[in-house]
Every structure is written in structure tokens, then in C-alpha cells.
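> With the input below, show me the fold.
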Amino acid sequence: MSLTDFFRINLPYGMQKNSNNEWFAFNREYMPLGWNSVEKQVSIRKDNCYGEMPVYSKYEGLTDSKIMKIIKEDFIYRDDNNNITSIFFYNDVTNPKLNTKYWNEYFRIIKEFSKFKKK
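Numbers count the residues shown, from 1 in each chain. Sure thing, here's the model as predicted:
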């Protein structure tokens, strides 16, 4: 799908971590929030994707154990060493734009992550 509306462009679909333990939030097309084109798209499976841009932040207290209290295990992706590398706030079934009963869960996740402050 393409970036066609406010939800898919500007609201987080998930977050990606690089090897420096820094995170960035991405939209439904796996691009930094606010991007409205898939030109110059980079795979989020690449460490430090979009590293030339100031999109990464370290968050005080954001640990794997805290993430696991916020996000369901099915929405967590790990590397070969079992470290969390990316998380998703919803999937095709729990997409709040397609089914309004999932908005509360989506906003609960956003609220929990909003508590973490940048280091």
C-alpha cells in the first residue's frame, strides 16, 4: 500500500532499534514518521537505517523488559541473540483505522512509550 492518509504517514506503526541502542519511530511504510513518499526507502532490517538523518534517540529506562510489559510478544522482533530489534504497535488484524475497537489499545501503547525521556 502507499502512503495515502494522515494515519499511515504521521502515526507510528512501530519502532526500530540500532546497534547503539537508539530508537526511531516509523510509519506504516517503514519510513521515519512524516515521510509521505516511498522514494529512498531503506529496509528497517538494516542496522542504522536512515542513519544519515537525525531520527534516532536513546531513551532513559527503555529496556527489553519494559517493552515486553507494553507490547505483546507477537509484535516484538528479535535478533539472533534474542535482543529486541523492532516492535510494532498493531498489525493488519488490530489496525485501529480499520477497526475502531483497537484505538484504545493503540493509544495505551503510545501513552506508555511517551513516558520515556530522551537521554
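> Spit out the contact partners of the nearest residue to residue 43 once chain neighbours are set aside.
Nearest residue to residue 43 in three dimensions, chain neighbours excluded: residue 49, at 6.3 Å (C-beta to C-beta, 6 or more residues apart in numbering). C-beta here means a position set from N, CA and C on the backbone, and glycine is covered the same way. Each residue near residue 49 by C-beta atoms under 8 Å, 6 or more residues apart in numbering is listed here: 16, 18, 42, 43.
> So which of those residues wins on neighbours?
residue 16 (24 neighbours; other C-beta atoms under 10 Å).
> Would you tell me what helix or strand that one is located in?
strand 14-17 (DSSP states H and E).
> in the lengthiest helix in the chain, what's buried?
When the chain is scanned for its longest helix (criterion: DSSP state H), the result is helix 103-114. Neighbour-count burial for helix 103-114, counted by 16 or more other C-beta atoms under 10 Å, picks out 106, 109, 113.
> Include pLDDT and distance to residue 7 when you put those into CSV, please.
Putting the buried residues of helix 103-114 into CSV (pLDDT from 0 to 100; distance: C-beta to C-beta, whole Å) gives the following:
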residue, pLDDT, distance to residue 7
106, 98, 10
109, 98, 15
113, 97, 17
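> rewinding a little: which helices and strands sit right next to the helix or strand just after the strand holding residue 16?
Reading on from strand 14-17 to the C-terminus, the next helix or strand found by DSSP H and E is strand 23-26. Counting contacts by 3 or more C-beta pairs under 8 Å, 6 or more residues apart in numbering; DSSP states H and E, strand 23-26 packs against strand 14-17.
> Identify the neighbouring strands of the strand it packs on in the sheet and state each direction.
Partners of strand 14-17 in the sheet, by DSSP bridges, are strand 23-26 (antiparallel), strand 84-88 (antiparallel).
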